[in-house]
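Peer 1: Got a predicted structure plus its sequence, pasted below:
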Amino acid sequence: MTADIIDGKAFAAGLRARIATEVGGLATRGLVPGLAVVLVGEDPASKVYVGSKERLAREAGMISTVHRLPADTAQADLLALIATLNADPSIHGILVQLPLPAGLDPQAVVMAIDPAKDVDGLHPINVGNLTIGAPALVPCTPSGCMMLLRDRLGDLSGARAVVVGRSGLMGKPMAQLLLAANCTVTVAHSRTRDLSEVCRTADILVAAVGRPRMIGGDWIRPGATVIDVGINRLPPEPGQEKGRLVGDVDFDAARAVAAAITPVPGGVGPMTIACLLDNTVEAACRAAGLERQRA
Ligand SMILES: NC(=O)C1=CN([C@@H]2O[C@H](COP(=O)(O)OP(=O)(O)OC[C@H]3O[C@@H](n4cnc5c(N)ncnc54)[C@H](OP(=O)(O)O)[C@@H]3O)[C@@H](O)[C@H]2O)C=CC1
Ligand SMILES: Nc1nc(=O)c2c([nH]1)NC[C@@H]1CN(c3ccc(C(=O)N[C@@H](CCC(=O)O)C(=O)O)cc3)C=[N+]21
């Protein structure tokens, strides 16, 4: 079998086009969704992502601002910026790019964001609402994975899903969403015994680990759907400036076994940003008391 490639880049472009249409309609009613991204420090990968977020938000017709702070920013100054953004009625979504430089407490920072503006879905109010099945702002990467899975498989009820990774940004909310979609969910992590065997039980395998090509072809159940969230940059080849981006799955080996797989790049990554824009529109509509007008 040669797996189909799930084209997240194309799906995300379509989603952004629908969001742009919706934003155009909202503008005629006087509502322009506004996104503020906060970047602390000089992490090169984070700079690239933040730049894409700003550009794509503007392309969709939104207001987009980026607040770049030095790596030695004091916690109190970061919290003061968040308080200003919380109070700014033109800003509907706030995202603080993670990881933060050492010395800053990410939990305290996330707690300081108004839950209604927490487009990353990391505030305990949103985490709790997701868990109890109440309306919540849902973390962008797991929502993007769910959209790709639903598009490919339709109803996910009864599927055996394995999520490798249990971070608050990815693994845990992914598991919640799969559970809400009636999958039988296993969450694996660095202490999981016999990880390859656990993975082989999966009809749906979601890898969010951060270890290049850790998941081999023989970890995958024939016919499975594989969602590779990992974004890992390999060391540069001799003569090249930048190393290649690869996922957590050995793509070539997996392609011979799975029914469908997301590539890296061009899979989950672009969906993350599209879902961020979607969450910003969601937050703006809720703030204004308007129903969503999805295109
Ligand atoms: N495409 C996108 O838009 C996004 C991509 N990412 C990428 O996804 C990956 C994961 O991100 P994130 O969740 O934030 O990362 P974290 O580092 O926060 O979490 C990694 C998880 O993987 C687990 N893990 C680590 N090593 C192993 C191992 N050998 N076997 C099994 N499990 C292991 C850890 O287990 P334990 O809890 O036991 O330590 C942890 O739960 C990264 O490559 C990141 O770049 C992340 C967000 C968005
Ligand atoms: N508060 C917070 N929220 C996040 O959502 C968040 C974060 N912090 N920190 C870092 C991770 C990582 N992340 C990505 C977003 C887009 C791509 C993306 O667009 N990737 C492209 C290519 C990228 C490239 O070429 O470098 C792709 O996969 O095709 C990747 C990774 C969001 N994250």
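Peer 2: That came through, no problem. Ligands and ions are numbered 1, 2, ... in the order given.

Peer 1: Met146 contacts Leu179, correct?
Peer 2: No - counting by C-beta atoms under 8 Å, Leu179 is not a contact partner of Met146; they are 11.3 Å apart. (C-beta placed from N, C-alpha, C; glycine too.)

Peer 1: More neighbours: the two, which one.
Peer 2: Shown here are Met146 and Leu179; by other C-beta atoms under 10 Å, Met146 has more neighbours (22 against 15).

Peer 1: Can you get me a residue count around the residue nearest to the more buried one when sequence neighbours are not counted?
Peer 2: Once flanking residues are discounted, Met146 sits nearest to Leu177: 5.0 Å by C-beta to C-beta, 6 or more residues apart in numbering. Burial of Leu177 is recorded as 23 neighbouring residues (other C-beta under 10 Å).

Peer 1: can you pull out the strands in the protein?
Peer 2: Remark: strands assigned in the chain by DSSP state E are 4-5, 34-40, 63-69, 93-96, 160-164, 184-188, 204-207, 225-228, 232-233, 245-246, 260-261.

Peer 1: can I get those strands in CSV with distance to ligand 1?
Peer 2: As requested, those are arranged in CSV below (distance: least, C-beta to the nearest ligand atom, whole Å):
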stretch, distance to ligand 1
strand 4-5, 16
strand 34-40, 14
strand 63-69, 18
strand 93-96, 12
strand 160-164, 5
strand 184-188, 6
strand 204-207, 8
strand 225-228, 9
strand 232-233, 5
strand 245-246, 10
strand 260-261, 14
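
Peer 1: Please list the residues of the protein that sit near ligand 2.
Peer 2: Residues of the chain lying close to ligand 2 (C-beta under 6 Å from any ligand atom) are 48-49, 52, 95-98, 120, 140-141, 231, 245, 264-266, 269-270, 272-273.

Peer 1: Not counting its neighbours along the chain, what's nearest the closest residue to ligand 2 within the stretch 51-200 of the chain?
Peer 2: Closest residue of the stretch 51-200 of the chain to ligand 2, C-beta to the nearest ligand atom: Leu98 (3.7 Å). Spatial nearest neighbour of Leu98, excluding adjacent residues (C-beta to C-beta, 6+ apart): Pro106 at 6.1 Å.

Peer 1: List phi and psi for the residue of the stretch 51-200 of the chain closest to ligand 2.
Peer 2: Note on Leu98: its backbone torsions stand at phi -110, psi 150 [degrees, to the nearest 10].

Peer 1: so what pLDDT did it get?
Peer 2: In the predicted model, Leu98 carries a pLDDT score of 94.

Peer 1: looking at the strands of the chain, which is closest to Ala102?
Peer 2: Among these, strand 34-40 comes nearest to Ala102, with 10.9 Å by C-beta to C-beta.

Peer 1: Name the strands paired with the closest one and say parallel or antiparallel.
Peer 2: strand 63-69 (parallel), strand 93-96 (parallel) (DSSP bridges).

Peer 1: can you tell me how far the closest residue to Gly61 other than its chain neighbours sits from ligand 1?
Peer 2: Among residues not flanking Gly61 along the chain, Val23 sits closest, at 4.0 Å (C-beta to C-beta, 6+ apart). According to C-beta to the nearest ligand atom, to the nearest Å, Val23 stands 22 Å off from ligand 1.

Peer 1: same deal with Ala10?
Peer 2: Applying C-beta to the nearest ligand atom, one obtains 16 Å for the distance of Ala10 from ligand 1.

Peer 1: And Val138, by the same measure?
Peer 2: In this structure, Val138 and ligand 1 are 13 Å apart, going by C-beta to the nearest ligand atom.

Peer 1: Was I right to think that residue contacts Leu177?
Peer 2: Yes - using C-beta under 8 Å, Val138 is in contact with Leu177, at 7.0 Å.

Peer 1: hey, what's in contact with both of these two?
Peer 2: Taking C-beta atoms under 8 Å, 6 or more residues apart in numbering as the criterion, Val138 and Leu177 both touch Leu130.

Peer 1: quick check: domain ranges of this structure?
Peer 2: If you go by automatic domain parsing, the domain ranges for the chain are 29-114, 140-270.

Peer 1: Up against ligand 1, what does the stretch 151-295 of the chain have?
Peer 2: Residues of the stretch 151-295 of the chain found near ligand 1 (C-beta under 6 Å from any ligand atom) are 164-167, 169-171, 188-192, 195, 208-211, 229-232, 268-269, 272.
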